[in-house]
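> based on what follows, work out the 3D shape:
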Amino acid sequence: MSPKRRHLIEDLSLPFGDPRPIFSESELRETAYEILVGACPSSGPKLSTLEMMRVRMRISEQSDARIRIAAEQLGRRVESVVLPLELIQLFRSLDFPSQQECEAWLRRNLKVLEAGLLLHPCLPLDEADTSAESLRCLIRGAFKKPMDIEKIIESVQTLRSVVVSLACRSSDGSISETCHWADGFPLNIWIYQTLLEACVDIRAETSAMEEDDEVLELIKKTWVILGINEMLHNICFSWVLFHRYVVTGQVKNDLPFASIKLLVEVGKDTGTSKDPFCSKILRTTLSLILSWADKRLLAYHDAFHNGNIESMECIVSLAVLSAQILEDISHESNGKKKGADVDYSRVDNYIRSSMHAVFTQTMEKLDPSKHPSRNQNQAILSVLARDTIQLAFNEKAIFSPKLSRWHPFAAAAAVATLHVCYGNKLKKYVMDIKELTPNAIEVLTAADKLDKVLMQIAVKDSVDSEDGGKSIIREMQTFEAQAVIARLVKSWINNGVDRLGEWVDRNLPQEVWNADKEVCAPSAVDVLRNIDGTLKDFFLLPIPMHADWLPELMSGLDKSLQKYILQAKSGCGSRSSFFPTLPALTRCSTRSKSNCLLRKKEKSQMTQGSKAHVGTTKGDNSFDITQMCVCINTMQHIRMELGVLEKWIVANLTNEDIANGVSLKFKLSASAAVEGIHQLCECIAYKIIFHNLSHVLWDHLYVGEVSSTNRIEPFLRELGRYLEIILSATKHDEVRTRVIVEVMKASFDGFLLVLLAGGPSRAFTLKDSVNIEEDFRSLTGLFWSNGDGLPVKLIEKHSTTVRGVLPLFHTDTGHIIEQFSQLTMKMYGSTDKSRLPLPPTVVQWSPTEPNTLLRVLCNRDDKAAAKFLKKNYNLPKKL
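Below you'll find the model as predicted:
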């Protein structure tokens, strides 16, 4: 017998007590067979039926012949005699093959008398009756060794008197016609159980039951001797069939089905039967059956599988029926109404207990401490999630269809239990997650899949329930794994963006923008490398929705890079930092020798005073031109690298993600870089023209008068050197051209500023226009550089304003005054004093704009101009 089979049998208690301390198995068989033969008249049963019983009960032919002879000689109804007593009187030692067999036979019959009359009598013994003590002394004396068989047989009359006295007692004190010697519990049940076991073929452990009506009818003839009724018969036979099913390895399902049929009949009788003895026997028997079944069904995965699922169905049926009958008995005895849904609640308990048990076993198999060879870094809960899905599918396919007979939503209850079990483990795991790791994502992704699978099974299985499955779904609180992933991803993104921002704050102030070593700031290379690394790490995260989180990550990185760009260019100033403040308007007196001498004497003083207005910055800045060029290179490098990053991002997304309009641009930083390049180009240009070259532009050009000593050549020489610096310091052709164009535009603005807002230190005659136009041609020629510089069309485009204003310097004063008066009156009207209003300063000079014409008149060394300005505006001659 296998250890498992032995465990199953040892685990099964006996409901009627254990006869082994009194009788051996063979003694019970022989006693039962004697009663069976004694109860059957010779003309009654078919010899073949009784012979079959003899064979099954393993009774020898010699014993059978002896018993049949005795039965024929009784001459009275079997219930009116004490069979062991009659047998002892009938037989002598010579009737047995050996002295030992005779002694064993005699000893057995004396033990039957002792058990039936003294140990387990039908009626309680009367202490005043000496017959019991007399019988006890006779039996005790007979058992002394060596047993004197002949003496015992000769003294049978003495034995008869005390036996009959005890056997013929009745509850009312009268002498009963029926002898009660084998109907006391549990002796009667032991004997009857032995007879019933003959209805099951025990020649092989796997043999099936052979129930035969004739055999049962034969056995039922013993009821009068053993005190058995229909209900006791059903209880006892049900137990015999169940017990046989257990000890034969639970392979023949016809045995429990037959047991169930009998219990159904018992259940029908429980409401009408008032026999407390039967109720007690029934409770004991059913409790043992139920206890045995519960141990298997509360963890049914340990005992059942696809190959023996029919056995499980049998045991569940048996357990549910036993529980129902016990419930009915309980309510009958307590006078309460019967409870409902015993089968549902019991099977629900089996399902939930078993799912919890199998989940625990599955989890223990994954415990690294119990399996040292297992990878310690493996995400155990992700493996557990996959195994739990398999458990759910296995349950739904194998067990739930069988259990749905009693529990209409068996699969839903099973997966709900698994959901709760895994959810408890996941909650503890999530509480310990501090940051996003591959293991965490793996676990949460697996948990999310498990959540969806279990929910789907539960909803589908319970959709037809009264509440549409709402109670089951309420029980299955979603894992919210996606929400946890979202929180972790958001935290991961925020941490990455914060680190980048901190890096910018810490390292950018230390940047030296050294043009001698680098054409691009090392800090920019590092910040771009940081962004690139963050993006690559992001796409390595094992999350299923990179495209969903990419916009938030890119937005954070974009803002950090924008912050870098804005802080980087802030050290370079702006166009307004270098653009001069225009001096107040003055009028020029007619040219004379004294006036010329006066202007020359005051040249130094005037130019010093002018520095308060022209060529100064609002807060001096430490960035020189080469550093500003490095800053421009850096901005352009960022623009180009952003394009590379954006292409890399596209390559790592699916076409579906792109089609859904996922943001793929670093809009803020790209825009800031473009604006930064524009601002830096202007800053370089205006710093060169209005700050670095103010000494050869504002302090020198045309101061006093237009002469060979204050023409544009010094300015062009200095400007040429700066252009060389720009050419060598800027890395990209596109940016280099933009810087030079901005320098050209600034030089044109500076040239016009000298002509139109040069203050009282400058005065121009009509003859000076030739030199002025020649100087401007030299200035444009510097940028054209004999065809090696800027294109002619580009120069012409940006010199339009200058070329429009220069003709005014050789235009007659009267014509200018007339044109100015007409435009002013048209635009602004006249004042009450019949004076022309003073036109405001404009952003863009123009030959058709009043303020531009007014400024030409202010610097016109001409009496008519001075008189006109004196009359209309009373402008001073000097500041």
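> could you check how far residue 238 is from residue 180?
Distance of residue 238 to residue 180, given as CB to CB, to the nearest Å: 26 Å. C-beta: built from backbone N, CA, C; applies to glycine.
> could you find the closest non-adjacent residue to residue 861?
residue 763 (4.0 Å; CB to CB, 6 or more residues apart in numbering).
> residue 142: neighbouring residues, count only.
A count of nearby residues for residue 142, using other CB atoms under 10 Å, gives 17.
> so which helix or strand takes in the nearest residue to it once chain neighbours are set aside?
Ranked by CB to CB, 6+ apart and with sequence neighbours excluded, the top spatial neighbour of residue 142 is residue 152, at 5.0 Å. Using DSSP states H and E, residue 152 sits in helix 149-154.
> on that earlier part again, you'd agree the residue nearest to residue 861 is up against residue 705?
Yes. Applying CB atoms under 8 Å, one finds residue 763 in contact with residue 705, separated by 6.7 Å.
> between the two, which one's more packed in?
Using other CB under 10 Å as the criterion, residue 763 and residue 705 rank with residue 763 on top: 25 against 19.
> output the contacting helices and strands for the helix holding residue 152.
Counting contacts by 3 or more CB pairs under 8 Å, 6 or more residues apart in numbering; DSSP states H and E, helix 149-154 packs against helix 83-90, helix 99-113.
> that helix: how far from the chain's middle?
87 Å (CA atoms, centre = their mean, to the nearest Å).
> quick check: mean pLDDT across the following helix or strand past that helix?
Next helix or strand after helix 149-154 toward the C-terminus (DSSP H and E): helix 156-167. Averaging pLDDT along helix 156-167 gives 90.
> tell me the angle whichever helix or strand comes after helix 156-167 makes with helix 99-113.
With elements assigned by DSSP H and E, the helix or strand that comes after helix 156-167 is helix 187-197. Angle between the axes of helix 187-197 and helix 99-113 is 120 degrees (criterion: axes from the mean of the first three to the mean of the last three CA atoms, to 10 degrees).
> contact partners of the helix or strand just after helix 187-197?
Note on helix 187-197: by DSSP H and E, the next helix or strand toward the C-terminus is helix 213-220. Contact with helix 213-220 is made by 36, 40, 45-46, 49-50, 52-53, 192, 195-196, 198-199, 228, 233, as judged by CB atoms under 8 Å, 6 or more residues apart in numbering.
> buried residues in the one helix or strand residue 827 maps to?
Taking DSSP H and E as the criterion, residue 827 maps to helix 813-828. Going by neighbour count (16 or more other CB atoms under 10 Å), the buried part of helix 813-828 is 813, 816-817, 819-821, 823-824.
> of these, closest to residue 532?
residue 823 (59.2 Å; CB to CB).
> now the nearest residue to the closest one once chain neighbours are set aside: how far from residue 798?
Among residues not flanking residue 823 along the chain, residue 850 sits closest, at 4.8 Å (CB to CB, 6+ apart). Per CB to CB, residue 850 is found 24 Å from residue 798.
> just to revisit the earlier point, so which residues make contact with the helix holding residue 827?
Contact with helix 813-828 is made by 808, 836-837, 839, 848-850, 853-854, 856-857, 860, 862, 864-865, 868, as judged by CB under 8 Å, 6+ apart.
> so which of these are in helices?
In this view, the contacts of helix 813-828 that belong to helices under DSSP state H are 850, 853-854, 856-857, 864-865, 868.
> could I get these as JSON lines with pLDDT, neighbour count and distance to residue 135?
Converted to JSON lines, these look like this (pLDDT from 0 to 100; neighbours: other CB atoms under 10 Å; distance: CB to CB, whole Å):
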{"residue": "850", "pLDDT": "94", "neighbour count": "24", "distance to residue 135": "152"}
{"residue": "853", "pLDDT": "95", "neighbour count": "25", "distance to residue 135": "155"}
{"residue": "854", "pLDDT": "94", "neighbour count": "25", "distance to residue 135": "154"}
{"residue": "856", "pLDDT": "95", "neighbour count": "22", "distance to residue 135": "157"}
{"residue": "857", "pLDDT": "94", "neighbour count": "24", "distance to residue 135": "159"}
{"residue": "864", "pLDDT": "92", "neighbour count": "15", "distance to residue 135": "168"}
{"residue": "865", "pLDDT": "92", "neighbour count": "22", "distance to residue 135": "164"}
{"residue": "868", "pLDDT": "92", "neighbour count": "23", "distance to residue 135": "164"}
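> of all pairs in those, which one is the farthest apart?
Largest separation among the ones in helices among the contacts of helix 813-828 by CB to CB: 850 and 864, giving 17.6 Å.
> so what pLDDT did residue 181 get?
So residue 181 comes in at 95 (pLDDT).
> thought it was touching residue 164?
No. Under the criterion of CB under 8 Å, residue 181 makes no contact with residue 164, lying 9.5 Å away.
> burial of residue 69, as a residue count?
Residue 69 is flanked by 13 other residues according to other CB under 10 Å.
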